[in-house]
Each structure stands twice: as structure tokens, then as C-alpha cells.
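[1] I would like the atomic coordinates for the input below:
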Amino acid sequence: MRLWVCIALLSVVLCVSADRPRIFEKIAEAGKFVRDAAGGTRDMFRAYMDMREANYKGADKYFHARGNYDAARRGPGGAWAAKVIRWPFLLPHSDAREGWQSRVSGRGAEDTRLDQEANEWGRRGGDPNRYRPKGLPGRY
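    The predicted structure follows:
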């Protein structure tokens, strides 16, 4: 009986360590990319919801940097999600967004530029706390 158990375990080890065909490797890589992208999207959404919940003046740059930082740390899929997702989520990064910010919200092109700088800082792995305002509750 022990001999058969040893043979079965050896067979499992050999099968697991055997080279898989290249197509299976590519499928596994694609699956990891999709999982990373989904996780990065969740990271960005969580930072956005925290920003809305905190409703703290001057904290938007911190949440931009934090969301991008968390997403990019997941890997290539997360970095892709951080690059593709724009703040706010429903407005594309375009003249329409900048027009909306300058006319409706009172924020102008300078604020948009600073938001994008915080996004890039987070994507490159910079510490989001660089943008953290004093007095922001510790749970964020």
C-alpha cells in the first residue's frame, strides 16, 4: 500500500513540474492580467469612495495618488487599469472634463494638472502620503 501511495505522490509531483504547452502559459498570463486589472479597478473605486466619504478639503490629490498606487502595485493589469480609469469615473479625460471643472465645479485647468500629477506619482510607485493633508482621519 505504501508503495502505491509513493508512486501516486511521485506521479503528481512529476505532472505538476512538467512543462506545459506554451498556449497554456499565455492563457495563464492573460488570466493574471485580467485578475490584476479587476483588482486595480477595485482599488481605484475604493479610493474614490473613501474620498467621497471623507469629504475632506484638499484631500483629493491624496486619494488620486493612493488609488493609482494601490492599483499599480498589483502588476501589469493593475497598472493598465490605473492608467485607463479617469477621475471622476463618468467623465472622460478631455476638453469636456476640463470645461466641466472650470465652469461647474469652480476648479480649473491647474487643478486638473495637479490631479494628473498625483495620478502619475501613484502609478510610478511614489508614496501617496506626499499628498496627504494634515488632519485627514487615520482610517484613510
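[2] next, the buried residues of whichever strand or helix holds residue 81.
    Element membership for residue 81 (DSSP states H and E) is helix 76-84. Using 16 or more other C-beta atoms under 10 Å as the test for burial, helix 76-84 gives 77-82. C-beta: built from backbone N, CA, C; applies to glycine.
[3] for the strand or helix carrying residue 46, name the packing helices and strands.
    Element membership for residue 46, per DSSP H and E: helix 22-54. In terms of contacts (3 or more C-beta pairs under 8 Å, 6 or more residues apart in numbering; DSSP states H and E), helix 22-54 is packed against helix 60-72, helix 76-84.
[4] nearest to residue 137, of these?
    helix 60-72 (11.8 Å; C-beta to C-beta).
[5] need the contact list for residue 133.
    56-59, 62 (C-beta atoms under 8 Å, 6 or more residues apart in numbering).
[6] equivalent analysis for residue 67, please.
    43-44, 46-48, 82, 122.
[7] where does this protein have low pLDDT?
    For the chain, residues meeting the criterion pLDDT under 70 lie at 1, 3, 5-6, 8-20, 87-107.
[8] what about 90?
    Residues of the chain meeting the criterion pLDDT under 90: 1-25, 84-113, 115-116.
[9] so which residue is dead centre in it?
    The centroid of the chain falls nearest to residue 71 when counting by C-alpha atoms, centre = their mean (1.6 Å).
[10] give me the distance between it and residue 108.
    27 Å (C-beta to C-beta, to the nearest Å).
[11] and if you look at residue 28?
    Taken as C-beta to C-beta, the span from residue 28 to residue 108 is 46 Å.
[12] related to what we said a few turns ago, for the residue nearest to the centre of the chain, list the residues it contacts.
    Going by C-beta under 8 Å, 6+ apart, the list of residues near residue 71 reads 39-41, 43-44, 78-79, 81-82, 85, 123.
[13] now residue 120
    residue 68.
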